[in-house]
Every structure is written in C-alpha cells, then in structure tokens.
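K.L.:
Structural data only, the sequence is not supplied:
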C-alpha cells in the first residue's frame, strides 16, 4: 500500500503555494551560456563522461517478467543484453558472442539459453559458455576464457540500472538517496508495458530535456491541452541523490482547490489525482508518475550537438488496465502524451535549437521560478569536470568581447 502521507505532505505544500500565488524557487534568475547546447567540445565530453561513466536506467523489472526473460538495449552505442536467470537474478552482458563478436539477441522475449546465430556457440543465462559447436574440429580451448563480457547491473525497487563498461559502479540506493522509499512504494516491477515511441529530433538532448523540468510554460504552450487542468507556474521542487543532482517536481492541478473544503483527515488516495509528479534521474531520465501509469522518457545525444533521440515507454501501474487517470484507456493516454510532446514541447525545442544555431543568442535565462533547470544544468557541468559559471552580463545578442 502506498504511503498516503507522502501525497498529503505534497498537497499541503502546494495548497500553501496556490493560496499565496508563489512557487518553490531558486534565490535568483540564472543566465545559462547558450554554448552548453551548441559547443562540440563540451558535447563530446558529455558523451565520454556522464553517459559512459554513469549508471543508466535501462528498463523496469517488468520488462524481464519471468525466469528466462531477456531484454536488449542499444541506446548508447554499447549493445547490452539483459537476462533473468533461472534463479530470478538479472545479468547484463555485452550483446556479443565471444567467438567472433556476433550479436546474440534482438528485442526482448524468453529463452532457455543463448545461442549464437553465426556459429551456434551456446551460453547459459548467466553468461557461461556451455557449448562450442563441432568442438572436435574447432580445436581445444579453455571455455572459462570465453564467458560473455559482463557489465555491472543492479535491480532494485522495480528498476534496472546498468553500466556501459565493466568499471561503472552501480548502486540504486546511492542514486536515489532519501527518495528510495518513495520509489519503492510505487512497485514499478509490477507495471505493464503499453507502447513505445521514438523521436529523432534536430535539437540538443539537454534542450529537449528542459521541456520536462518546469511548469512556467504550461498555460502558454499547453493552453489547448492542459489549460483548465494544470495550475501554471506553480510547483513543489525537491532534490535527491548525489549532490542533489536528481529532482522531483510536483505540479498542482486545478482540482487541488477542492481540498481546501475537505478536512485533511478525510483525504484519501484519490488526492493523487490532484497533482502531477515528474522526476529527473541523472543524467537523462524523466519519469512522470500518475495514479495508474508511468511515462518513462530516456533522452540520448545524437551524432552532433544539434541532434538527439528520445525513447518514450509507457506503462500501466494499476490493476485496473481499462481506464487511465484521464479517463482514457492506456493506449489512448499514450497517444495523447505523444501528441502533446510532439506538437508542443518538441516543436518548441526544435525551433529554439534553430535560433541558437544562428549564433546571436549568447545565453538563456532560467528564472528563479525554474529551480530544477538551474540545478540540473549545474549538475551536468560538474559531471564533465567543469565549474558552473553564469554567463556574463550583457544584452541578448551582443557579441562578447575577448
């Protein structure tokens, strides 16, 4: 049973904000240098550090639902194969046969063992080489030297994190910090996958991610889709994990105002319908949690600073699969989210990138009312070994002097 007190505390915070017409804020506005979206050298360092050396949230436990399940992951140019062995434990490997590096599996599914499609070498679900086809003619080898290349992985709270090389340290509790009990109560391992959509967009990955991290734009950009549902420019902001680099934003819906007339003692789990929860998990994950669904967005850098790829996977987290929180069935809800992101959030992001590429906008300004953006971008710079520095004071469009 989920902890009702978690939602009550958020509701009380947001009701105070709504009454006062305020929002959780940073101390002041912050000028972010536009170069963080366009600089090829900085972009290369991001790919070599925060994506290569940091644990990645690959999937949920429900994507490996039973013994013998496998799941492939190719989003970061490292072919990863996840398996759940006959003891129920999850393993991560390079998706490559150790004979001649042929790919072992595609997509996801269930299998009793792993057989290479090239020369029929056989491995068990723990990555051990068990059979060399026509071994007599192949020649004697020490099979223990040919086990699959193992990658670090940890499964906890219904989530599976993996490293993209063997030396990455993976600790889910360290990643989540004090928010771990909240993630645990959602039982993400019991979710059911609905559908997946991918965007390949000509915009920087961080610029696309920005659209998930503030509610200042809600009533302008989303007037036709969220107008009358969300209260714009109001959110409860919390950080968690190492150096507070992850964050959670709670956005109140208009319906939250009804609770002013209802004693707190009478509040039930239905209060979760009165706000929206959006989490950023460093370095590239946005998780939108509602009473019955999880919207799982993974954003990845493309070939150059002005390209990125988003993978969106939607899950039902309720035993009632017939209706979503907005009254639609899960597939209709998925389609609605895709439409809003595609036609509103990512439409804006792509156009912003075009303007930044013109080279006349030397900084973007994150308002005091956009604390998550300030926190997230400073974490990115620290992650590549750079001290965050605010852009110099000057007129937008002015050419900086040396």
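P.N.:
Right, received. Where do you want to start? Since the structure is predicted, the reported quantities are computational estimates derived from the model, not experimental observations.

K.L.:
Quick one: neighbours of the closest residue to residue 389 other than its chain neighbours, just the number.
P.N.:
Nearest in space to residue 389, with sequence neighbours left out and distances taken as C-beta to C-beta, 6 or more residues apart in numbering, is residue 33 at 7.8 Å. C-betas here are computed from N, CA, C, even on glycine. The local packing of residue 33 (other C-beta atoms under 10 Å) involves 20 other residues.

K.L.:
Just the element for the residue nearest to residue 28 when sequence neighbours are not counted, please.
P.N.:
By the measure of C-beta to C-beta, 6+ apart, the closest residue to residue 28 outside its immediate chain neighbours is residue 368, 5.5 Å from it. For residue 368, there is no host helix or strand (DSSP states H and E).

K.L.:
Run through the residues that contact residue 368.
P.N.:
25, 26, 27, 28, 29 (C-beta atoms under 8 Å, 6 or more residues apart in numbering).

K.L.:
Test my guess that the residue nearest to residue 389 contacts residue 388.
P.N.:
No. Residue 33 lies out of contact with residue 388 (C-beta atoms under 8 Å); the separation is 9.6 Å.

K.L.:
mind checking the SS state of the closest residue to residue 390 other than its chain neighbours?
P.N.:
Spatial nearest neighbour of residue 390, chain neighbours left out: residue 31 (5.0 Å); criterion: C-beta to C-beta, 6+ apart. Residue 31 carries the three-state label strand when classified by DSSP: H, G, I helix; E, B strand; the rest coil.

K.L.:
center of the protein, which residue is that?
P.N.:
Per C-alpha atoms, centre = their mean, the C-alpha nearest to the average position across the chain is that of residue 285, at 1.6 Å.

K.L.:
Distance check, it against residue 300.
P.N.:
11 Å (C-beta to C-beta, to the nearest Å).

K.L.:
Same question for residue 335.
P.N.:
23 Å.

K.L.:
can you tell me the average pLDDT over stretch 333-353?
P.N.:
What stretch 333-353 shows for mean pLDDT is 96.

K.L.:
Please apply the same query to stretch 19-30.
P.N.:
97.

K.L.:
ok, now which ones touch residue 316?
P.N.:
If you count contacts by C-beta under 8 Å, 6+ apart, then residue 316 has 191, 192, 194, 292, 293, 324, 330 around it.

K.L.:
Name the pair among the residues you listed with the greatest separation in space.
P.N.:
Comparing all pairs in the contacts of residue 316 by C-beta to C-beta, the longest separation belongs to 191 and 324, at 13.1 Å.

K.L.:
before we move on, the earlier item: compute the distance between the residue nearest to residue 28 and residue 181, please.
P.N.:
Residue 368 sits 30 Å away from residue 181, going by C-beta to C-beta.

K.L.:
cool, and residue 376?
P.N.:
Residue 376 is 23 Å from residue 181, by C-beta to C-beta.

K.L.:
Those two: which is more packed in?
P.N.:
residue 376 (23 against 11).

K.L.:
Could you verify my assumption that that one touches residue 247?
P.N.:
Yes. Counting by C-beta under 8 Å, residue 247 is a contact partner of residue 376 at 6.7 Å.

K.L.:
Overlap of the contact sets of these two?
P.N.:
Contacts common to residue 376 and residue 247, judged by C-beta under 8 Å, 6+ apart, are 213, 280.

K.L.:
burial count for residue 87?
P.N.:
8.

K.L.:
For residue 125, see how far away it is.
P.N.:
For residue 87, the distance to residue 125 - C-beta to C-beta - is 9 Å.

K.L.:
Okay, helices next: where are they in the protein?
P.N.:
4-20, 35-38, 40-48, 135-138, 172-176, 180-185, 205-210, 218-221, 223-226, 330-340, 346-357, 371-383 (DSSP state H).

K.L.:
Could you say which of these is packed most deeply?
P.N.:
helix 205-210 (a mean of 25; mean count of other C-beta atoms under 10 Å).

K.L.:
any residues touching that one, and which ones?
P.N.:
So helix 205-210 is contacted by 36-37, 201, 280, 284, 286, 299-302, 308-310, 345-346, 349, 352-353, 356, 373, 376-377, 380 (C-beta under 8 Å, 6+ apart).

K.L.:
Please parse this protein into its domains.
P.N.:
4-53+177-383, 63-162 (automatic domain parsing).

K.L.:
what is the mean pLDDT for the last one?
P.N.:
Looking back up the chat, that one is domain 63-162. Here domain 63-162 scores 97 as its mean pLDDT.

K.L.:
and that domain, how far out from the chain's middle?
P.N.:
Remark: domain 63-162 is offset 25 Å from the chain centroid, using C-alpha atoms, centre = their mean, to the nearest Å.

K.L.:
and what of stretch 266-281?
P.N.:
Worked out by C-alpha atoms, centre = their mean, stretch 266-281 lies 19 Å from the chain centre.
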